[in-house]
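[1] build me a model:
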Amino acid sequence: YLNFFPSVFISTALSRKETLAFTYSRRMDRPNYQNLNPGRSYVDPYFFSEGNPFLRPQYTHSFEINHGLNASIFTSLPASYTDEYIAYFVQPSDSVQSQRIPVNTGESQVYSATVSFPLTPAKGWTMQATIVGLYARYQFLYLETMHRREQLTARLTVSNAFVLGKGWSMEVSGWVNAPSVNAVIRAPWLGSADVGLQKVIGSKLKARLTFQDIFHTNHIRTLIDASGFVRRTKLDFDTRLLLLTLTYNFGNQKVKGMSQRKTGSEDELRRTN
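    Residues are numbered from 1 along each chain as shown. I've put the predicted structure just below:
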């Protein structure tokens, strides 16, 4: 019943323009209640998902170094080591059906580097870019066979803001993921792009037109090929949406909002989804 979950935070200013910080923590992530529920949820006659009542918490050591320059360019170097890593395995239930179930797979190590920086390509055009590089290593038992998987992947996120004048503004954003692996599941190149156009009409009214997932590329594509079991998954959602939003502010905008009090039950609320 006795365990320790320390946290260490060290921060210093290298100069007027630079800051450096180091953090370390050990934490326990408990499964949410739905992941413990053994009831089945069928996707189709050949595939279902269910919880695992024997699922145990996962324990993670996390390290991170953060560097800031001019309060605009930020670099972080996190690393994590996890025991009893919780992953979602898709595996055969019998000769016809497959099941998706969360299990404690074993160990994982994740190292990454993130750089976030702003750009101003032209007058009235600002850009915020974030580049993430990640290396991960997993060791786990799948269908009674020990596996060791490694991956090197990356993610690029870009957000553009344009001031068009006369109350008009526009945003263009998007992201792209390189091929990745999470334990036994592999994913190919993925990405999506959004566009938003806004018009400010007076001091209280504004209209916004948003086109989400313009090219309808925000899909789920996975491949499992291990221990003699092969499964390809393709899921398409209604992610390409055209939204019109009208916002009108009324009343005294200087009134202080209601304060939010945090309690010790927040972890339990998170576990209930």
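[2] drop to CA atoms for contacts and neighbour counts, all remaining ones
    Will do.
[3] tell me which element the residue most central in space within the chain falls in.
    Nearest residue to the geometric centre of the chain (Cα atoms, centre = their mean): residue 155, 11.0 Å. Secondary structure assignment for residue 155, by DSSP states H and E: strand 145-165.
[4] show me what that strand is packed against.
    Using 3 or more Cα pairs under 8 Å, 6 or more residues apart in numbering; DSSP states H and E as the contact criterion, the secondary-structure elements in contact with strand 145-165 are strand 125-142, strand 168-177, strand 180-182.
[5] would residue 218 count as being in a strand?
    No. Assigned with DSSP: H, G, I helix; E, B strand; the rest coil, residue 218 falls outside any strand and is coil.
[6] what is the neighbour count of it?
    For residue 218, the tally of surrounding residues (other Cα atoms under 10 Å) stands at 21.
[7] next up, the contacts around it.
    Contacts here follow Cα atoms under 8 Å, 6 or more residues apart in numbering; on that basis residue 218 touches 190, 191, 192, 236, 237, 239.
[8] buried members of those residues into PyMOL, please.
    Buried members of these, identified by 16 or more other Cα atoms under 10 Å, are gathered into one PyMOL selection as follows:
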select buried, resi 190+191+192+239
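[9] looking at the contacts of residue 218, which are in strands?
    Under the assignment DSSP state E, the contacts of residue 218 contribute 190, 191, 192 to strands.
[10] count the residues that sit near the closest residue to the first one other than its chain neighbours.
    What that stands for is residue 190. Using Cα to Cα, 6 or more residues apart in numbering and skipping the chain neighbours, the partner closest in space to residue 190 is residue 177 (5.1 Å). As a burial measure, the neighbour count of residue 177 was computed by other Cα under 10 Å and equals 17.
[11] sorry, back to before: turn the helices and strands packed on strand 145-165 into TSV, columns for distance to residue 55 and mean pLDDT.
    As requested, the helices and strands packed on strand 145-165 are exported to TSV (distance: least, Cα to Cα, whole Å; pLDDT from 0 to 100):
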stretch	distance to residue 55	mean pLDDT
strand 125-142	15	93
strand 168-177	30	96
strand 180-182	18	87
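[12] name the element residue 49 belongs to?
    Assignment of secondary structure by DSSP H and E places residue 49 within strand 47-50.
[13] in the stretch 151-273 of the chain, what spans have low per-residue confidence?
    Within the stretch 151-273 of the chain, the stretches falling below the threshold (pLDDT under 70) are 252-264, 273.
[14] now do the contacts for residue 25.
    The contact partners of residue 25, taken as Cα under 8 Å, 6+ apart, are 5, 6, 7, 8, 61, 62, 63.
[15] any figure for the gap between the spatially closest residue to it that is not a sequence neighbour and residue 101?
    Leaving out its chain neighbours, the residue that sits closest to residue 25 by Cα to Cα, 6+ apart is residue 7, at 4.2 Å. According to Cα to Cα, to the nearest Å, residue 7 stands 32 Å off from residue 101.
[16] repeat that for residue 15.
    With the distance defined as Cα to Cα, residue 15 ends up 50 Å from residue 101.
[17] ok, the two, which is more surrounded?
    Under the criterion of other Cα under 10 Å, the comparison of residue 15 against residue 101 puts residue 101 first, with 20 against 10.
[18] for the more buried one, which three-state class applies?
    In terms of secondary structure, residue 101 is strand; the call rests on three-state DSSP.
[19] bridging residues for it?
    As for beta bridges, residue 101 partners with residue 89 under DSSP bridges.
[20] so who does it touch?
    Contacts of residue 101 by Cα under 8 Å, 6+ apart are 49, 50, 51, 52, 88, 89, 90.
[21] so what does the longest helix belonging to the chain touch, helix or strand wise?
    For the chain, the longest helix by residue count, based on DSSP state H, is helix 266-271. When contacts are defined as 3+ Cα pairs under 8 Å, 6+ apart, helix 266-271 sits against none of the other helices and strands.
[22] the same query, at a cut-off of 10 Å, please.
    helix 33-36 (3 or more Cα pairs under 10 Å, 6 or more residues apart in numbering; DSSP states H and E).
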